[in-house]
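Student: coords below, sequence missing:
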C-alpha cells in the first residue's frame, strides 16, 4: 500500500513561526512533523509515500530529498489551496495501489495501521478529548476534579484513513473530505469507523500543542516505538 500525506496547509494558527517555515517542517523534539510521519508509516511497512505540498513546498522537498529514509517519496505540488479532498484528487495520478492510507499533515500518533487496514474506506476514530477540566458534582456539592478527560461516548476523527481507489470518483477537485466525500460514503453506508482507545495521538495546531506533543513523546518513549519493528 501507499501513504498520502496532506502537507500543503498554511498553518495560520502557528504564526509568526509559519511565516517563514511550512507547518510540516515545524520541529517537534528535534525532528520536523513530516519526518515523524514518514518514520511512522515506514514502521508499518509502508515504503511508498506521496507527499502533497503547497505553501513553501520548496523547503519541504529540499529537506526530504536531503534525507535517506529508505522509502520512495513522490511529490504532488499544489499551486493554490485545494483542501484535503482536492489534494488527494490532484495526487490521484500517483496512486498505484488498490487502497491507500491518508494522513493529515499535522498528526502524530501510534495507532495500529494493521487494524485500520482490515476494512476499506475506514477512518480512525478516538475518544473525544476535552481541552478543559471536568467538575464532578453531587447535586450542588463538588466531589472531585478531572483534568482533560476522554469522553468515552463521543468519538473524534483522528485524521488517519484507509481509502479504496474507487472512492476517487467521489472526491472533488477542490474541497475537504469531511464535507464532501465522507458524507456521500456515509449515506451509501460505505464508510467504516475503526475505534482506538488509549493511543498516543496529537494534532499540532498551536504552540500549546507543540509543547504538549513534546512532553508526550518523551513520556511515552515514542521515538523507540517508531524505531522498533
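Tutor: Cool, got the structure. Everything numeric in this text was worked out from a predicted model, so none of it was measured.

Student: center of this protein - which residue?
Tutor: Against the mean C-alpha coordinate of the chain, by CA atoms, centre = their mean, the closest residue is residue 104 at 3.2 Å.

Student: Surely that one touches residue 84?
Tutor: Yes - if you go by CB atoms under 8 Å, residue 104 and residue 84 touch, sitting 7.2 Å apart. C-beta: built from backbone N, CA, C; applies to glycine.

Student: Now do the shared contacts for these two.
Tutor: Common contacts of residue 104 and residue 84 (CB atoms under 8 Å, 6 or more residues apart in numbering): residue 6.

Student: one step back: quick one: pLDDT of the residue nearest to the centre of the chain?
Tutor: Note on residue 104: pLDDT of 95.

Student: Also residue 152?
Tutor: 69.

Student: Check residue 147 too.
Tutor: So, for residue 147, pLDDT stands at 72.

Student: other SSEs contacting the helix or strand bottoming out on mean pLDDT in the chain?
Tutor: Least confident helix or strand, the chain: strand 141-146 with a mean of 76, by mean pLDDT, DSSP states H and E. Applying 3 or more CB pairs under 8 Å, 6 or more residues apart in numbering; DSSP states H and E, one finds that strand 141-146 contacts strand 134-138.

Student: Kindly calculate the angle that the strand it packs on makes with strand 141-146.
Tutor: 150 degrees (axes from the mean of the first three to the mean of the last three CA atoms, to 10 degrees).

Student: Neighbouring strands of strand 134-138 in the sheet, and parallel or not?
Tutor: strand 141-146 (antiparallel) (DSSP bridges).

Student: where are the low-confidence patches of the chain?
Tutor: 132, 148-152, 229 (pLDDT under 70).

Student: Break down it into its helices, ranges please.
Tutor: 33-43, 57-65, 83-91, 113-116, 181-187, 207-220, 222-227 (DSSP state H).

Student: one step back: what does the least confident helix or strand of the chain contact?
Tutor: 133-137.

Student: redo that, cut-off 6 Å
Tutor: 133-136 (CB atoms under 6 Å, 6 or more residues apart in numbering).

Student: again with stretch 81-95
Tutor: 4, 6, 8, 50, 52, 74, 76, 168, 171-177, 180-181.

Student: Could you do stretch 27-42 as well?
Tutor: Contacts of stretch 27-42 (CB under 6 Å, 6+ apart): 3, 5, 7, 24-26, 69, 71, 108, 213-214, 217, 226.
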